[in-house]
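**Q** Here is a sequence together with a model predicted from it:
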Amino acid sequence: MDGFLDNLAEANDVVNSFVWTKVGVWLLIAVGLLMTILTKCFQVSHFGHWMKKTVGSLFEKKVRSHTGEKASISQFQALCTALAATVGVGNIAGVAGAIVTGGPGAVFWMWVAAFLGMMTNYSENILGIYFRRKNKKGEWSGGAMYYLQDGLGGYGGMKGIGKFLAIVFAICAVFASFGIGNMGQVNKIVLNFTSAFDIPALSEKVLYTGDNGSSVTLYHLIIGIVILILVGIVVIGGLKRIALVAEKIIPFMVVMFVLGSLTVILMHASAIGKAFGSIFSMAFSGQALWGGAAGISLKQIITMGCKRGVFSNEAGLGSSVMVHSNSNVVEPVKQGLWGIFEVFADTIVICTMTALTILTSGVIDLETGVIAKGDDATLVAESFNTVFKFGDFELGKYFVAIAILLFAFTTVLGWSHYGTKAVEYLAGKRAEWIVIAYKIIFVMVILLGALLTSSIAWDISDTFNGMMMLPNLIGVLALSPLVVKLTKNYVDRRIKGKDIEPMLSYFPEIQEEHARKIRETGED
């Protein structure tokens, strides 16, 4: 068994290196840069507009109010559900890992990936709304598989290629949902929670010990069962229930984490300048000595920063499109604006808070990378403990454990929807029963994640993430002229006030239905 796992890990490392390092990261940057150029740097040139139409519209009834339509959820619910899947372990452990492995300079490349990723996510969401259709239940179904099939496949001689890439994307999305969207998240919840809230009566009852020496205890099993039950209750209720839970948890946990991080940063205000200095100085040069190892190269810094950035905000993966496509919005670009804000909130705000908390608190030496206390897994907790520690009571440790619990729990909920939509596409006419079977398996796999002692499942799911990204980015690249047309149509109508026909859907009947709705109600 050990030999099999070793061979599997070795094979996965080869594929992962090719998908991410040799192709993925550079394609991701290239597509983001291209979409930024083609849309005339929309995320900057129309900054005020997309901020007004997203965070500035949260008090508008049409944005927040629940819809009675079975086919859709509100714009705010769509954002919260997408953030539920993106704001996860990557925002805490992922950022810490990026800094430990790639140095402070990796943070700069996370920002670059996010800046360009805003327009990738924007493009994905536009295409998701434009090519969505209703399934047999009357619910919206959208995602990369549909714009690959109908968009890319609509070009002359590309029908077979479009369909093939759509199937590859959907298969990888299903596997990724079990790994990065389920077992990996649950495993982090269990490890952090049992460590922070130790109960000797449970933690001392060892069920078995893994090959790496890690012990699985009764405590792990109990936490896994509790998570399984909670997720099962939500997932059985479908997207409406997932969205309802997400819109309650996401705003609360984001605000609390940002406030906690700001407190730590401000308490170490004198180190803010040095923290930013290390980010910028190490972004463009390697480090001869870092972390007591042989140092880090510039390529490693860029790769780690971009990889962790997309791992956090998922821009370019095509995953969040599957929930944004369920929004009650009729204007494709309007949902695209929420895509820009999603990346902004996830990486520019939350990941930056995490990074500055680590870099200002003194838990890591900014010159050598030597960690003062703990390791990369506990780096954020130790950062919070520099402020939120009262005697032997380490409040920071508990705060971070709860944050990871909420972040990772909602990520599992969001990815359950992504997997469901991917299975629905692959199953076709037999979707109803196969989707039910998928949901049952998805919930049961949670227990496996809780009892996992090896990182192989996490590593493999990271590879499937990259394999989702490749066909999706090919689709976005091929359909970039359409994204430009949709953007220009929106800008001309909504910003410049021109009286022209809107571009709302690939399907004539949906186009007419939505155009009539806009004419009659003025809704967008």
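**A** Here it is on my side, so go on.
**Q** can I assume Gly154 is in contact with Gly162?
**A** Yes. With contact defined as CB atoms under 8 Å, Gly154 reaches Gly162; the gap is 7.4 Å. From N, CA and C alone the C-beta is placed, and that goes for glycine too.
**Q** With neighbour numbers in mind, choose between the two.
**A** More crowded of Gly154 and Gly162, by other CB atoms under 10 Å: Gly162, with 23 against 16.
**Q** contacting residues around the more buried one?
**A** Gly162 makes contact with 148-155, 475, according to CB atoms under 8 Å, 6 or more residues apart in numbering.
**Q** Mind doing that once more with 6 Å?
**A** 148-149, 152-153 (CB atoms under 6 Å, 6 or more residues apart in numbering).
**Q** likewise Lys205?
**A** Lys205 touches 217-218, counting by CB under 6 Å, 6+ apart.
**Q** Give me the phi and psi for it.
**A** The phi/psi pair for Lys205 (degrees, to the nearest 10) reads phi -90, psi 90.
**Q** what do you get for Cys41?
**A** Torsion angles, degrees, to the nearest 10, at Cys41: phi 50, psi 50.
**Q** Give me the neighbour count for Asn472.
**A** 30.
**Q** Is it in contact with Tyr146, as I believe?
**A** No. Look at Asn472 against Tyr146 with CB atoms under 6 Å: they stay out of range, at 11.5 Å.
**Q** Tell me the secondary structure at Lys517.
**A** State at Lys517, reduced to three classes by DSSP: H, G, I helix; E, B strand; the rest coil: helix.
**Q** repeat for Asn182
**A** Under three-state DSSP, Asn182 comes out as helix.
**Q** Over to Phe284?
**A** Three-state call for Phe284 (three-state DSSP): coil.
**Q** Roughly how far does it sit from Leu298?
**A** Per CB to CB, to the nearest Å, Phe284 is found 7 Å from Leu298.
**Q** What is the neighbour count of Val14?
**A** Look at Val14: counted by other CB under 10 Å, it has 10 neighbours.
**Q** so where is the chain shaky, pLDDT-wise?
**A** Counting by pLDDT under 70, the chain shows low-confidence ranges at 1-6, 60-72, 88, 210-213, 286-295, 311, 374-377, 454-458, 522-524.
**Q** Run through the strands of it in chain order.
**A** With DSSP state E as the criterion, the chain has strands at 133-134, 140-141, 206-209, 215-217, 389-390, 393-394.
**Q** What about Met444, how many residues nearby?
**A** Other residues close to Met444 by other CB under 10 Å number 11.
**Q** Keeping just the C-alphas, turn stretch 302-310 into PDB.
**A** What follows is stretch 302-310, C-alpha atoms only, in PDB (Å, rounded to 0.1, in the frame of the first residue of the first chain):
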ATOM      1  CA  ILE A 302       6.000  34.100  -8.900                       C
ATOM      2  CA  THR A 303       4.700  30.600  -9.200                       C
ATOM      3  CA  MET A 304       3.800  30.300  -5.500                       C
ATOM      4  CA  GLY A 305       2.100  33.700  -5.300                       C
ATOM      5  CA  CYS A 306       0.000  33.200  -8.500                       C
ATOM      6  CA  LYS A 307      -0.800  29.600  -7.600                       C
ATOM      7  CA  ARG A 308      -1.900  30.500  -4.100                       C
ATOM      8  CA  GLY A 309      -3.800  33.500  -5.400                       C
ATOM      9  CA  VAL A 310      -5.900  31.400  -7.800                       C
END
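**Q** what separates that stretch from the chain centre, distance-wise?
**A** Relative to its chain's centre, stretch 302-310 lies at 13 Å (CA atoms, centre = their mean, to the nearest Å).
**Q** mind checking how far the spatially closest residue to Ser281 that is not a sequence neighbour is from Ser297?
**A** Counting by CB to CB, 6 or more residues apart in numbering, the nearest residue to Ser281 once its immediate chain neighbours are dropped is Gly105, at 7.5 Å. As for Gly105, its distance to Ser297 is 11 Å (criterion: CB to CB).
**Q** which one of those two has more residues nearby?
**A** Gly105 (28 against 13).
**Q** Which ones among the contacts of Gly162 map onto helices?
**A** Among those, DSSP state H puts none in helices.
**Q** need the helices for the stretch 351-500 of the chain, in chain order.
**A** 352-361, 379-385, 395-427, 431-450, 456-478, 480-490 (DSSP state H, counting those that start in this stretch).
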